[in-house]
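1. Let me see the structure of the following:
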Amino acid sequence: MARVVGVHGIGQQLLGERQLCAAWAPALADGVTRAKGHLGTDDVGMAFYGDLFRPVGRALAVGDPRYTASDVEEGFEQELLRVWWEEAARTDARIVGPDERTLLRTPTAVQAGLRVLSRLPYFADVALRAMVFDLKQVRRYLTEPGLRERVWARIDAVVEEDTRVLVAHSLGSVAAYEALWHRPEWRVTTLVTIGSPLAIPGLVFERLRPPPDVSDGLPGTGRWPGSVRAWTNVSDQGDIVALVKDLKPRFGDRVQCHVVHNGSHAHDAKPYLSSEEVGRAVSSGLGGTGD
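-> Numbering: from 1, shown residues only. Purely as a prediction, here's the structure:
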């Protein structure tokens, strides 16, 4: 029985549930050990949806489409690239932010933004075409009719009667949050979000389903996710995907927020999973020890 279910983030379309679970389960177990608890790797399951973004194969073609900077679409994709670039400049004094006169309205500016991100540790091993593909995954999940429901169904297929904790990374935190709200019958009591973009204004937060409560022209408050009683959000200060580190102003003071240090790979899932902060939240969600 999977008492803990992981929900992965962007860029995993060429992997699968067994490969990801083999990486996540030991890291989660180590995090719980840091928190003086115990978690067996057999207690961890993986909700995999990456193949929903994998291009359909054809003769003499494999892998991701060979995207270039010119394939970053106007609107959502260029705006997301811009806010990632701005956050990178905010957290690293060596990086020059986007020119306010051009933003990303020209192919040259888009290329510059991609080049800046390619120097960051998380994106350093990511080819340009894969980086563009990641932008498109976020846009597709939030705007393509029916796609998010298919992702929720993948999570639903793994959550069982004994599942008490969801640990969700990056775009997976958006999917897990929404799936929890739409599956109130689940017995999940603990949500742990890591490297989460949930509160990015304008691009993600307002597009959530259900939409935030908005009154008197205020930014709005996100709905509480389903059966969850405890929600812990963990982010690295240098994680540009987790643009808004503190979720409390958007989702309420019940969310416990922590900032950790993941070393040179700020957005990678495994350093998050092995942290004491994540381990403590998972252990608590399993009744204190995980035994």
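
2. for this structure, longest helix please?
-> Identified as the longest helix of the chain according to DSSP state H is helix 17-34.

3. Next SSE downstream of that helix?
-> strand 44-47 (DSSP states H and E).

4. so what does that following strand touch, helix or strand wise?
-> strand 4-7, helix 17-34, helix 147-158 (3 or more CB pairs under 8 Å, 6 or more residues apart in numbering; DSSP states H and E). Just so you know, the C-beta spots here come from the backbone N, C-alpha and C atoms, and that holds for glycine as well.

5. contacting residues around that strand?
-> Outside strand 44-47, the residues that touch it by CB atoms under 8 Å, 6 or more residues apart in numbering are 2-8, 17-18, 20-21, 24-25, 28-29, 154-155, 157-160, 163, 172.

6. Can I get the buried ones among those residues as something I can paste into ChimeraX?
-> In ChimeraX, a selection of the buried entries from those looks like this (16 or more other CB atoms under 10 Å):
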select :2,3,4,5,6,7,8,17,20,21,24,25,28,29,154,155,158,159,163,172
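
7. Do a quick rundown of the helices in the stretch 101-250 of the chain.
-> 107-118, 128-143, 147-158, 171-182, 248-251 (DSSP state H, counting those that start in this stretch).

8. Work out the gap between the last one and the centre of the chain.
-> From the chain centre to the centre of helix 248-251 is a distance of 17 Å (CA atoms, centre = their mean, to the nearest Å).

9. what's the average pLDDT for that helix?
-> The pLDDT scores in helix 248-251 average 93.

10. Which parts of that helix count as buried, going by neighbours?
-> In helix 248-251, counting by 16+ other CB under 10 Å, buried: 250, 251.

11. and the next element down the chain from it?
-> Toward the C-terminus from helix 248-251 - assigned by DSSP H and E - lies strand 255-260.

12. And for that following strand, what's in contact with it?
-> 230-237, 245-248, 271-272, 275, 277, 281.

13. Skipping its backbone neighbours, what lies nearest residue 248 in space?
-> residue 255 (5.3 Å; CB to CB, 6 or more residues apart in numbering).

14. Is the one you found bridged to anything, and to what?
-> residue 231 (DSSP bridges).

15. can you count the residues close to it?
-> 22 (other CB atoms under 10 Å).

16. now do residue 270
-> 17.

17. Please look at it and residue 27 and confirm they touch.
-> Yes - using CB atoms under 8 Å, residue 270 makes contact with residue 27 at a distance of 4.5 Å.

18. what touches both of the two?
-> In contact with both residue 270 and residue 27: no residue, using CB under 8 Å, 6+ apart.

19. Pull out the buried members of the contacts of strand 255-260.
-> Buried among the contacts of strand 255-260 by 16+ other CB under 10 Å: 231-236, 245, 247, 271-272, 275, 277, 281.

20. what's the most distant pair in those?
-> 231 and 271 (20.5 Å; CB to CB).

21. Check what pLDDT residue 221 gets.
-> pLDDT at residue 221 comes out at 87.

22. hey, what's it bridged with?
-> residue 213.

23. just checking, it touches residue 213?
-> Yes - contact criterion CB under 8 Å: residue 221 and residue 213 qualify, at 4.9 Å.

24. between those two, who's got more neighbours?
-> It is residue 221, of residue 221 and residue 213, that has more neighbours when counted by other CB under 10 Å, with 14 against 10.

25. which residues does the more buried one contact?
-> Applying CB under 8 Å, 6+ apart, the residues contacting residue 221 are 212, 213, 250, 251, 252.

26. Next one: the nearest residue to the fourth one once chain neighbours are set aside relative to residue 266, how far apart?
-> With CB to CB, 6+ apart as the measure, residue 222 is the residue that lies nearest to residue 251, at 4.4 Å, once sequence neighbours are left out. Distance check for residue 222 against residue 266: by CB to CB, to the nearest Å, it reads 24 Å.

27. quick one: stretch 259-275 to chain centroid distance?
-> 13 Å.

28. Tabulate the CA atom coordinates of it in PDB.
-> As requested, the backbone C-alpha atoms of stretch 259-275 are provided in PDB (Å, rounded to 0.1, in the frame of the first residue of the first chain):
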ATOM      1  CA  VAL A 259      13.100  27.800   3.100                       C
ATOM      2  CA  VAL A 260      15.900  25.200   2.700                       C
ATOM      3  CA  HIS A 261      19.200  25.100   1.000                       C
ATOM      4  CA  ASN A 262      19.500  22.600  -1.800                       C
ATOM      5  CA  GLY A 263      23.000  23.400  -2.900                       C
ATOM      6  CA  SER A 264      23.800  24.000  -6.500                       C
ATOM      7  CA  HIS A 265      20.600  22.400  -7.800                       C
ATOM      8  CA  ALA A 266      17.900  24.600  -6.200                       C
ATOM      9  CA  HIS A 267      14.900  23.100  -8.000                       C
ATOM     10  CA  ASP A 268      15.800  19.400  -8.100                       C
ATOM     11  CA  ALA A 269      13.400  17.200  -6.300                       C
ATOM     12  CA  LYS A 270      15.800  14.900  -4.400                       C
ATOM     13  CA  PRO A 271      17.500  17.500  -2.200                       C
ATOM     14  CA  TYR A 272      14.000  18.700  -1.200                       C
ATOM     15  CA  LEU A 273      12.900  15.200  -0.400                       C
ATOM     16  CA  SER A 274      15.900  14.400   1.800                       C
ATOM     17  CA  SER A 275      15.500  17.500   3.800                       C
END
